[in-house]
Structures are given as C-alpha cells and as structure tokens.
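Participant: pasting the sequence and the predicted model now:
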Amino acid sequence: MIMPPHYANRIETSALFLSGLCVVHCIGLPILFVVVPVLADIMALPDAFHAYALVMALPLSLASLIYGARQHRSFAPLAIGTIGLLLMAIALTDKYHQAEVILTMLGATGVILAHISNWKRRTRSAVASGSRN
C-alpha cells in the first residue's frame, strides 16, 4: 500500500486526536459533573456513544499503524496500538463494565503512545530513505 506522506500524517493526526479526545472525555466529564452536577442530566450521552467512538477509531488507528509498520518495519507501535484498541473494546462488554473507565483510559493511552511512536518511526524512516514526510 503506497500512501503519500501527507495522507499518512493526516490519518495519524486524526487517530491521535480521537485518542486524545477519549482521554479528555474520560477524565474531564466526570470532573465537570462533580463540579456542576446539573450538567450530568443535560450532557447525558447515549449508551452506544462509546461503541460508535470505537468504531470510528478502529479503522483510522489500524490503517495508520499498519501503514507505519510496513514503512518502518517495526511492529511495536502496531502491537501496542492493537492492545490498546482491544482494551477499549473489552471495556464495552458487560463483564468488564465496572472497569470501563480504567480499561478505556489504559487503552486510549496505549493508542496515543503507539501513534506517537509510529509517527516518529515513519519520520525517521522517510529521512533515512531520502523522501519527505
């Protein structure tokens, strides 16, 4: 799969942004609801929100991490990102509902770290090969 570097960067940036939003959502909303409890009723999200967010994150993250692994030949970011996405998916199951926030935070953090590592490795690989990234 050949992808121009600016497209790879856009996909990576989008995936990183979504992961960051996830972390802000997991930390920020509970704090906001404690400070201003009336907002909990006004800003209630449907139960399926987290599933929809994961469905958006999966293709972006996997496409970016797989492309990066092919380019820089290091599968560590792909492995870390995949584990992070799996943790986020497991958090949505009824069996692990009590640990949803912790699993989601761990998963999103793993995905963020994977994308940062992937981006750095892609950049180094592009510089080493003489192309612009």
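Facilitator: Structure's in. What do you need? Because the structure is a prediction, the values reported are computed rather than measured. Numbering: from 1, shown residues only.

Participant: can we go C-alpha only for contacts and neighbour counts from here?
Facilitator: Will do.

Participant: ok, and what's touching the worst-scoring helix or strand of the chain on mean pLDDT?
Facilitator: When each helix and strand of the chain is scored by mean pLDDT, DSSP states H and E, helix 38-42 comes last, with a mean of 77. With contacts defined as Cα atoms under 8 Å, 6 or more residues apart in numbering, helix 38-42 is touched by 32, 33.

Participant: tell me which residues in it are buried?
Facilitator: Within helix 38-42, no residue counts as buried by 16 or more other Cα atoms under 10 Å.

Participant: next structured bit after that helix?
Facilitator: Going down the chain from helix 38-42, the next helix or strand is helix 49-72, by DSSP states H and E.

Participant: in that following helix, what's buried?
Facilitator: Result for helix 49-72 [16+ other Cα under 10 Å]: buried residues 50, 54, 57-58, 60-69, 71-72.

Participant: repeat for stretch 77-96
Facilitator: Neighbour counts over stretch 77-96 (16+ other Cα under 10 Å) mark 77-92 as buried.

Participant: nearest to residue 121 among these?
Facilitator: residue 77 (9.1 Å; Cα to Cα).

Participant: work out for me the element the closest one sits within.
Facilitator: Going by DSSP H and E, residue 77 is part of helix 76-91.

Participant: ok and that helix relative to helix 49-72, angle-wise?
Facilitator: Compare the direction of helix 76-91 with that of helix 49-72 by axes from the mean of the first three to the mean of the last three Cα atoms, to 10 degrees and you get 170 degrees.

Participant: pull the distance from helix 76-91 to the chain's centre.
Facilitator: Relative to its chain's centre, helix 76-91 lies at 9 Å (Cα atoms, centre = their mean, to the nearest Å).

Participant: next one: stretch 55-68
Facilitator: Relative to the chain's own centre, stretch 55-68 is displaced by 9 Å; criterion: Cα atoms, centre = their mean.
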